[in-house]
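Chemist: Pasting a predicted model and its sequence here:
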Amino acid sequence: MSQTAKKSLKRLTSVQLQQRLIHAQAELDKCQKELSKYQNDYYYQMIDELKEENKQHQAELEKLQLAHETLSKNYEQQEKEVERLQNKSRADSSRLPPNEEKEKRTADGSKGAPFLGDSREKPSSAPNRSNDPRKAQRKATDSNDNWFERNLKDQRAKE
């Protein structure tokens, strides 16, 4: 309290001090009743619930930001690795002489015909019929090619 407030309290009589005390207590009771009314109010409770929900969302946001940061770093590292491997592949292919560049390597690493993979057929549980339009187109093209070859042979035989 300031000096003037202390001096003014010293000049008051005991009755006046008691009246001020009673008035302060009444104000305190009034404020406490109003506070309890607001605390029991639906909207006040909703505010509390929203504050709690906001805290939960903030915590989740922090977790997600950390996860995003980690994934971004991982992604950048993988991009750098891919770029490094691509550069290495380009450098390796540019070192090969032009005639070797076109040759394919076989399964054992020697030069020769291209490696076509394992010649054993893999068992399939699906029926041989397929709904793949590309296969149907290839079959049609193959049959057209066969027709063309047959006609060409026939024409040569006639000549």
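Modeler: Structure's in. What do you need? Residues are numbered from 1 along each chain as shown.
Chemist: Considering helices and strands only, name the one in the protein with the lowest mean pLDDT.
Modeler: strand 104-105 (a mean of 52; mean pLDDT, DSSP states H and E).
Chemist: domain parsing for this protein?
Modeler: With automatic domain parsing as the criterion, the domains of the chain are listed as 11-40, 48-85.
Chemist: could you dump these to TSV with distance to residue 156 and mean pLDDT?
Modeler: All C-beta atoms are positioned from the backbone trio N, CA, C, and that covers glycine. As requested, these are exported to TSV (distance: least, Cβ to Cβ, whole Å; pLDDT from 0 to 100):
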stretch	distance to residue 156	mean pLDDT
domain 11-40	103	91
domain 48-85	51	96
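Chemist: now the strands for this structure?
Modeler: 104-105, 111-112 (DSSP state E).
Chemist: In TSV: the domains of the chain, plus distance to residue 147 and mean neighbour count.
Modeler: Listed next are the domains of the chain as TSV, based on distance: least, Cβ to Cβ, whole Å; neighbours: other Cβ atoms under 10 Å:
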stretch	distance to residue 147	mean neighbour count
domain 11-40	91	10
domain 48-85	46	10
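Chemist: all helices for the protein, in order.
Modeler: 3-11, 14-40, 42-95, 98-102, 133-158 (DSSP state H).
Chemist: quick one: average pLDDT of the shortest one?
Modeler: Regarding helix 98-102, the rounded mean pLDDT is 54.
Chemist: ok, back up a step: tabulate the domains of the chain (a markdown table), appending distance to residue 95.
Modeler: Formatted as a markdown table, the domains of the chain follow (distance: least, Cβ to Cβ, whole Å):
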| stretch | distance to residue 95 |
| --- | --- |
| domain 11-40 | 79 |
| domain 48-85 | 16 |
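Chemist: can you tell me which of those domains comes nearest to residue 96?
Modeler: domain 48-85 (17.1 Å; Cβ to Cβ).
Chemist: quick one, what contacts residue 38?
Modeler: By Cβ atoms under 8 Å, 6 or more residues apart in numbering, the contact list for residue 38 reads residue 44.
Chemist: From here on, call the first residue 810.
Modeler: Noted, 810 is the first residue going forward, which turns the last one into residue 847.
Chemist: Quick check: it vs residue 854, distance?
Modeler: Per Cβ to Cβ, to the nearest Å, residue 847 is found 10 Å from residue 854.
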